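> Mind looking at a prediction? Sequence and model below.
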Amino acid sequence: MSLKFPLGVRFITHSLPCTRLASMNSGALIYSFRSVPVLSKAFPFRLKYLGLGTRVSFSTRPERTRTEFQRRGRDGGEIRVSKSLIEDEAELSDWVSDLRPSSLRGKFTSDEDESDREVVRRNVDRDNSRGPRRGKEGQFGGPKRGNEGGIDRFGGSNRRRTSDEPGESFRNKRFGDRDGARNGRIQGKSSDSSLRGRNERNVDSGFRRERGLETNKGLGKQTRGLRQEEEDSSDEDEKTGVLGSIDDLLSEDSSDYDEEDDEPIVIKGVSSKAVEADKPRTENAKTSDSYLSKARFDQFPLSPLSLKAIKDAGFETMTVVQEATLPIILKGKDVLAKAKTGTGKTVAFLLPAIEAVIKSPPASRDIRQPPIVVLVVCPTRELACQAAAEANTLLKYHPSIGVQVVIGGTKLPTEQRRMQTNPCQILVATPGRLKDHIENTSGFATKLMGVKVLVLDEADHLLDMGFRRDIERIIAAVPKQRQTFLFSATVPEEVRQICHIALKRDHEFINCVQEGSGETHQKVKQMYMIASLDRHFSLLYVLLKQHIADNVDFKVIIFCTTAMVTRLVADLLAQLSMNVREIHSRKPQGYRTRVSDEFRKSKGIILVTSDVSARGVDYPDVSLVVQMGLPSDREQYIHRLGRTGRKGKEGEGVLLLAPWEEYFLSSVKDLPINKSTLPPIDPEAVKKVQRGLSQVEMKNKEAAYQAWLGYYKSQKMIARDTTRLVELANEFSRSMGLDVPPAIPKNVLGKMGLKNVPGLRTK
Ligand SMILES: Nc1ncnc2c1ncn2[C@@H]1O[C@H](COP(=O)(O)OP(=O)(O)OP(=O)(O)O)[C@@H](O)[C@H]1O
């Protein structure tokens, strides 16, 4: 059989003479580049393809108890406290910062952008040994907000804003107001790393099932616009956000980079070692959609104490990605691993990381602060906490190994004190905060010199432009002699091209996902609906009603394009007496954590969220994911959809687009997503929705309008005709019940590049 690849080359495999990739729905196959010279030119690092799968019913942990909500529907209003305008201004300023054409931000949507990116890459690579990088925070003298609201065409009792917000009130996204207190339970336990066979005391860390939550977006190929806004004020508010100017790039400091890191982006050298030794376990695979293998954890040389914890966690067999990566990692290789959402990637990197801690020599008694052995970097606070919680599950019988989390939204000195009192060998961090500690916490850089394992979770996102500078700084702060693991459900080609900034040249790419339809779960039914904007809210309502009627234990996530649109939709659904919660970057971290925990444990609930929940968050039993409006890119679509159908369960996904957003479908045409007929919307539903909208606060509609405009301004396909963009924005305004669109401050419009565009109202 021939293995069809985009390049049209043939593979010769060790296990099969030739195999067509599309038909590899059973069996794990490994390819050695040595035997595939043509392919090795295209992917100049060692690649494996594992076509894997076994359909096995999944039973891991005890069912979580269902939490009854004290408040439902309207009464759930405790969640939505009224907010200051600062929030939407901050949102706006964030994306405006992204729109600045002069900066080399991660907005690559076209060919010409691609070439820009290439320039950036080259500069990063070429110049990463120069002076220290400057931190770069987008600061905006915020425009004053006027107080003219739109006019509620449904005659609702909207309250108008009456006061201007001073420009200075734009929130400093870097030092946001997140309380971050939730992290308090994730504490180191002790500093002794020499553990094997000693003191096998059962220490339940008390939060082993306290998993974090959301995630964030895949800042992939398209412009980020408001997407960045979401991230900027979450932990991603830590991120440098951009690469900045070429000047900045020229002053990159990466003196720790070794020679191979100074190579141009396209890696030419390939280790010649064949990989058939890892030929895995094909007999276990039955279907391409399976995520569990038959391999047992105790077949691998893991600490008995870890095995005991795994048993307690209810993990009976390994997942496919765990089985595929563990032996290779245990051999000391660097790994880039791609596996579908919800298939146990976290355990896949944590287990061998824990082994590395166990094997590292005990810290000398003279050292008060033992070194950090494992550094896990996650793009969001919630993911960091989730990973730390999973680590503590696995460390249940390793009382001497400490785990700590450092994330944005908490006070730096508090974290510094915590690390001092509870030294840890495993540190889970978000990039910006980690960088802060490297630069500002005494002794921290020294501790990092003990790092033996570096993990980048959601690697494609971390290596994207928004995080790249921080990641490069972090990589420069850990020893070159280390093992590195990159994990994600999506690994676009760009990431493969640049992963060498983190990985050794002879790393292995372990791909547990077939391209195309294999990237999403077969058991998740994917549909899209095309309807004019004025019908979206009613459609959403009807869809939800239908889903609730069909699913007693419904659990729905609705993704919206921006934080402020999220708030609007949540407000509306609350007005429609639905049991709704909202999470987005403009909510304080403590609130987000509470809501997320509640959602995790509950059924009969709807979560409206921005992309802060798009990646990695492990909510069990989500029955439906709705994506309203354009996802920022294909990867983001996949990650959002991945909140349902986890661990082999069934799920449903609906993408709701306006006719002018239909072009997005071309980027997911290889996925099994089908057009759905629109459900009938009865006039009563329309009336209800209109009434609901009329009760939503005017300031929230205004904020949603601006945010909407900002988001779509960042979508090149739509924004190239600004007059049309504004027409569409005003259509959105009408869909909220505002016949007259809200006015936007002139200077904000200026920053958006929308000055004097007909149809806009200014103030
Ligand atoms: N071997 C296993 N058996 C059963 N459950 C497992 C196993 N390994 C991990 N899990 C559980 O599977 C769930 C999903 O794992 P995880 O969140 O790591 O998925 P993921 O692949 O990282 O997903 P995403 O791509 O969305 O981040 C978690 O609840 C985790 O505890």
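Arrived safely, thanks for sending.

> make it CA atoms for all contacts and neighbour counts henceforth
Will do.

> Might you name the residue of the stretch 401-550 of the chain sitting closest to the ligand?
Residue of the stretch 401-550 of the chain nearest the ligand, by CA to the nearest ligand atom: Ala489 (4.9 Å).

> Please spell out the segments of the stretch 401-550 of the chain that come in under the pLDDT threshold.
515-517 (pLDDT under 70).

> Please repeat the previous calculation with a cut-off of 90.
Scanning the stretch 401-550 of the chain for pLDDT under 90 picks out 407-411, 418, 420-423, 464-466, 493-498, 513-523.

> In it, what residue spans correspond to strands?
403-406, 426-429, 453-457, 483-488, 508-511, 524-530 (DSSP state E, counting those that start in this stretch).

> any idea which of the ones you listed is most buried?
strand 403-406 (a mean of 30; mean count of other CA atoms under 10 Å).

> who are the neighbours of it, in terms of helices and strands?
helix 381-394, strand 426-429 (3 or more CA pairs under 8 Å, 6 or more residues apart in numbering; DSSP states H and E).

> Please name whichever of the ones you listed is nearest to the ligand.
That would be helix 381-394 among these, by CA to the nearest ligand atom, at 6.8 Å.

> Point out the residues in the stretch 201-350 of the chain that sit beside the ligand.
Contact residues, the stretch 201-350 of the chain versus the ligand (CA under 6 Å from any ligand atom): 315-319, 340-347.

> Let's see that with 8 Å instead.
Taking CA under 8 Å from any ligand atom, the part of the stretch 201-350 of the chain that reaches the ligand is made up of 292, 313-319, 322, 339-348.

> Among those, name the ones in helices.
313, 322, 345-348 (DSSP state H).

> want to try a markdown table for these, with pLDDT and neighbour count as columns?
Shown next, in a markdown table, are those (pLDDT from 0 to 100; neighbours: other CA atoms under 10 Å):
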| residue | pLDDT | neighbour count |
| --- | --- | --- |
| Ala313 | 97 | 18 |
| Gln322 | 97 | 27 |
| Lys345 | 97 | 24 |
| Thr346 | 98 | 21 |
| Val347 | 98 | 21 |
| Ala348 | 98 | 23 |
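
> Take those and write them to a markdown table, including distance to Val726.
A markdown table is the format used below for these (distance: CA to CA, whole Å):
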| residue | distance to Val726 |
| --- | --- |
| Ala313 | 53 |
| Gln322 | 49 |
| Lys345 | 42 |
| Thr346 | 43 |
| Val347 | 47 |
| Ala348 | 47 |
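
> name the element Ile557 belongs to?
Counting by DSSP states H and E, the element that carries Ile557 is strand 555-559.

> sorry, back to before: dump the strands of the stretch 401-550 of the chain into a markdown table; add distance to Leu383 as well.
Formatted as a markdown table, those follow (distance: least, CA to CA, whole Å):
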| stretch | distance to Leu383 |
| --- | --- |
| strand 403-406 | 10 |
| strand 426-429 | 9 |
| strand 453-457 | 9 |
| strand 483-488 | 13 |
| strand 508-511 | 22 |
| strand 524-530 | 23 |
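
> helices and strands of this structure: which one bottoms out on pLDDT?
helix 246-250 (a mean of 21; mean pLDDT, DSSP states H and E).

> Looks like the residue of the stretch 401-550 of the chain closest to the ligand contacts His639 (just checking).
Yes: here Ala489 reaches His639: they are 7.4 Å apart, a contact under CA atoms under 8 Å.

> shared neighbours of the two, anything?
Common contacts of Ala489 and His639 (CA atoms under 8 Å, 6 or more residues apart in numbering): Thr341.

> Need the winner for burial among the helices and strands packed on strand 403-406.
Mean neighbour count (mean count of other CA under 10 Å) peaks for helix 381-394 among the helices and strands packed on strand 403-406, with a mean of 28.

> Convert that one to PDB, retaining C-alpha atoms only.
Below are the C-alpha coordinates for helix 381-394, written out as PDB (Å, rounded to 0.1, in the frame of the first residue of the first chain):
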ATOM      1  CA  ARG A 381      -3.600  29.500  34.900                       C
ATOM      2  CA  GLU A 382      -6.400  27.000  34.900                       C
ATOM      3  CA  LEU A 383      -4.400  24.500  32.900                       C
ATOM      4  CA  ALA A 384      -1.500  25.000  35.200                       C
ATOM      5  CA  CYS A 385      -3.600  24.200  38.200                       C
ATOM      6  CA  GLN A 386      -5.200  21.300  36.400                       C
ATOM      7  CA  ALA A 387      -1.800  19.800  35.600                       C
ATOM      8  CA  ALA A 388      -0.600  20.400  39.100                       C
ATOM      9  CA  ALA A 389      -3.700  18.600  40.400                       C
ATOM     10  CA  GLU A 390      -3.000  15.700  38.100                       C
ATOM     11  CA  ALA A 391       0.600  15.600  39.300                       C
ATOM     12  CA  ASN A 392      -0.600  15.400  42.900                       C
ATOM     13  CA  THR A 393      -2.800  12.500  42.000                       C
ATOM     14  CA  LEU A 394       0.200  10.700  40.600                       C
END
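
> any idea how far Leu678 is from the residue lying closest to Ala445 once chain neighbours are set aside?
Leaving aside its chain neighbours, Ala445 sits nearest to Ile438 (5.3 Å; criterion: CA to CA, 6 or more residues apart in numbering). Distance, Ile438 to Leu678, by CA to CA, to the nearest Å: 53 Å.

> Ok, Pro327 next?
Following CA to CA, the distance that separates Pro327 from Leu678 is 49 Å.

> Of these two, which one has the most company?
Pro327 (17 against 13; other CA atoms under 10 Å).

> Name the residues of stretch 409-429 that come out as buried.
409-412, 415-416, 418-419, 422-429 (16 or more other CA atoms under 10 Å).

> Farthest-apart pair in those, please.
Gly409 and Gln425 (22.5 Å; CA to CA).

> Provide a list of residues in contact with the closest residue in space to Lys523 that isn't next to it in sequence.
Leaving aside its chain neighbours, Lys523 sits nearest to Glu650 (4.9 Å; criterion: CA to CA, 6+ apart). The neighbours of Glu650, taking CA under 8 Å, 6+ apart as the test, are 523-524, 623, 644.

> Grab the two from these that are most spread out in space.
Checking the contacts of Glu650 with CA to CA, the most distant pair is Lys523 and Ser623, at 11.3 Å.

> shared neighbours, these two?
645, 650-651.

> Give me the subset of those residues lying in helices.
Checked against DSSP H, the shared contacts of Lys523 and Ser623 include nothing in helices.

> Intersect the residues you listed with the contacts of the ligand.
Applying CA under 8 Å from any ligand atom to the shared contacts of Lys523 and Ser623, none is adjacent to the ligand.

> pLDDT added to these, as TSV?
Listed next are these as TSV, based on pLDDT from 0 to 100:
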residue	pLDDT
Gly645	93
Glu650	92
Gly651	95
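
> List just the nearest of those to the ligand.
For those, the nearest to the ligand is Gly645 (9.9 Å; CA to the nearest ligand atom).

> The residue lying closest to that closest one once chain neighbours are set aside pairs with what?
Nearest residue to Gly645, sequence neighbours excluded (CA to CA, 6+ apart): Gly651, at 4.8 Å. Each beta-bridge partner of Gly651 is listed here, defined by DSSP bridges: Val524.

> correct me, but Gly651 touches Gly642?
No: counting by CA under 8 Å, Gly651 does not reach Gly642; the two are 9.3 Å apart.

> how does the protein divide into domains?
When the chain is parsed with the TED database, its domains come out as 297-511, 520-696.

> Tell me which of these approaches Tyr712 most closely.
Here domain 520-696 is closest among these (CA to CA), at 8.6 Å.

> what about Asn674, is that helix, strand or coil?
Secondary structure for Asn674, judged by DSSP: H, G, I helix; E, B strand; the rest coil, is strand.

> residue contacts, it?
Counted by CA under 8 Å, 6+ apart, Asn674 has contacts 526-528.

> Report how many residues lie close to the residue of the stretch 151-300 of the chain found nearest the ligand.
Closest approach between the stretch 151-300 of the chain and the ligand, counting by CA to the nearest ligand atom: Leu292, at 7.0 Å. By other CA under 10 Å, 27 other residues sit near Leu292.

> burial of the nearest residue to it once chain neighbours are set aside, as a residue count?
Nearest non-adjacent residue to Leu292, counting by CA to CA, 6+ apart: Thr319, 4.0 Å away. By other CA under 10 Å, 25 other residues sit near Thr319.
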